[in-house]
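Peer 1: just coords:
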């Protein structure tokens with residue numbers, strides 16, 4: 001589904017997710033809460049051979065990258081390897097390039113690496129993240145930018161890169177407060193950041209922050225999740241973000257929440273994951289979100305999925321090749337790329 005922005009201010013403001021047929025262009029369009037987006041007859045799945053979700057790294061300091069085709073179900077397939085072993089990798093990217101920020105290893109890494117979604121192989125060096133430690137932070141993106149917010153050590157900083165370039169990251173602004181173990185999701189215009197914890201007391205929060213991805217500046221308050229948690233996985237399409245499971249020290253939960261990203265407010269109940277756990281990574285297409293890996297309490301290779309524009313409990317997708325938690329994930333067809 002390749003899309004172009006077409007604005008019709010004279011038609012008023014319909015609910016997010018509304019579908020219509022444009023008689024001028026003979027195209028179907030979807031409203032994401034801010035703009036009408038044209039839907040071509042070919043989807044990303046048809047154009048690229050399937051929207052791919054990538055799952056990278058994880059405890060104990062893995063360097064593996066696995067992939068799935070999100071529109072199917074089944075176990076992951078080997079894609080390649082990260083430059084070095086690490087956990088807490090943060091995924092982002094655009095339609096052709098997957099980007100991985102940071103990760104805790106020996107030593108901790110502030111490097112940025114990338115892969116090409118359409119071809120399997122090992123990650124390549126992109127440059128350096130010049131900010132604080134963004135391991136176990138939150139990724140976000142639009143069609144030109146990839147970014148990361150928060151991270152280990154109560155990081156408050158938000159950084160970004162131009163995805164199709166290389167080099168060092170740029171300062172974007174700050175979260176409303178410092179946190180690690182948070183997660184991110186994107187619409188074509190906004191990046192959202194969910195939950196997290198503050199150390200050393202390990203106090204979790206339910207905060208949702210947001211930024212306008214094409215600008216720079218500090219994050220604003222969006223609302224709250226239904227429950228405070230950290231080490232969460234989130235994915236999105238152009239309209240809705242879904243947030244799954246997480247840790248409420250010392251317990252874990254299986255809640256799935258959702259938000260309409262164009263509308264400020266608190267998250268709503270979506271359903272439950274198949275098990276309570278924390279540390280999963282999430283990739284998404286315009287229809288599905290798929291979570292991979294977690295700890296409940298031991299490391300698992302479980303993968304769950306939901307249909308983003310519905311509500312209900314998650315279903316089994318398949319298995320990761322290796323049990324892991326603190327997994328980084330990204331895709332070439334979700335969130336800010338719709």
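Peer 2: Sure, I can see it. The structure displayed is predicted, hence computed values, not measured ones. Residues are numbered from 1 along each chain as shown.

Peer 1: Remind me what the host helix or strand of residue 30 packs against, helices and strands.
Peer 2: Per DSSP states H and E, residue 30 falls inside strand 27-31. With contacts defined as 3 or more Cβ pairs under 8 Å, 6 or more residues apart in numbering; DSSP states H and E, strand 27-31 has these neighbours: strand 19-22, strand 36-39. Bear in mind the C-beta positions are built from the backbone N, C-alpha and C, glycine included.

Peer 1: averaged over its residues, what pLDDT does the last one have?
Peer 2: To tie it back to what came earlier, the one meant is strand 36-39. Averaging pLDDT along strand 36-39 gives 63.

Peer 1: Can you give me the neighbour number for residue 268?
Peer 2: 12 (other Cβ atoms under 10 Å).

Peer 1: quick one: average pLDDT of the strand holding residue 30?
Peer 2: 71.

Peer 1: same check, this time on stretch 222-241
Peer 2: On average, stretch 222-241 scores 96.

Peer 1: Go ahead and measure how far that stretch is from the middle of the chain.
Peer 2: When distances are taken as Cα atoms, centre = their mean, to the nearest Å, stretch 222-241 is centred 10 Å away from the chain's centroid.

Peer 1: End to end on it, go ahead and measure it.
Peer 2: In terms of Cα to Cα, to the nearest Å, the two terminal residues of stretch 222-241 are separated by 13 Å.

Peer 1: what's the answer for stretch 203-218, then?
Peer 2: Start-to-end span of stretch 203-218 (Cα to Cα) is 23 Å.

Peer 1: Pull the distance from that stretch to the chain's centre.
Peer 2: Counting by Cα atoms, centre = their mean, stretch 203-218 comes out at 14 Å from the chain centroid.

Peer 1: What of stretch 151-164?
Peer 2: With Cα atoms, centre = their mean, you get 14 Å for stretch 151-164.

Peer 1: buried set for it?
Peer 2: 151-161, 163 (16 or more other Cβ atoms under 10 Å).

Peer 1: same deal with stretch 192-212?
Peer 2: 192-198, 204-211.

Peer 1: Which ones among the residues you listed lie within strands?
Peer 2: 192-194, 197-198, 204, 207-211 (DSSP state E).

Peer 1: about what we covered before: between the buried residues of stretch 151-164, which sits nearest residue 84?
Peer 2: Distance to residue 84 across those (Cβ to Cβ) is lowest for residue 152, with 16.8 Å.

Peer 1: count of residues packed around the closest residue in space to residue 261 that isn't next to it in sequence?
Peer 2: In space, and not counting its chain neighbours, residue 261 is closest to residue 187: 4.1 Å by Cβ to Cβ, 6 or more residues apart in numbering. Using other Cβ under 10 Å, the number of residues around residue 187 comes to 28.

Peer 1: Let me see the confidence value for residue 187.
Peer 2: At residue 187, pLDDT is 95.
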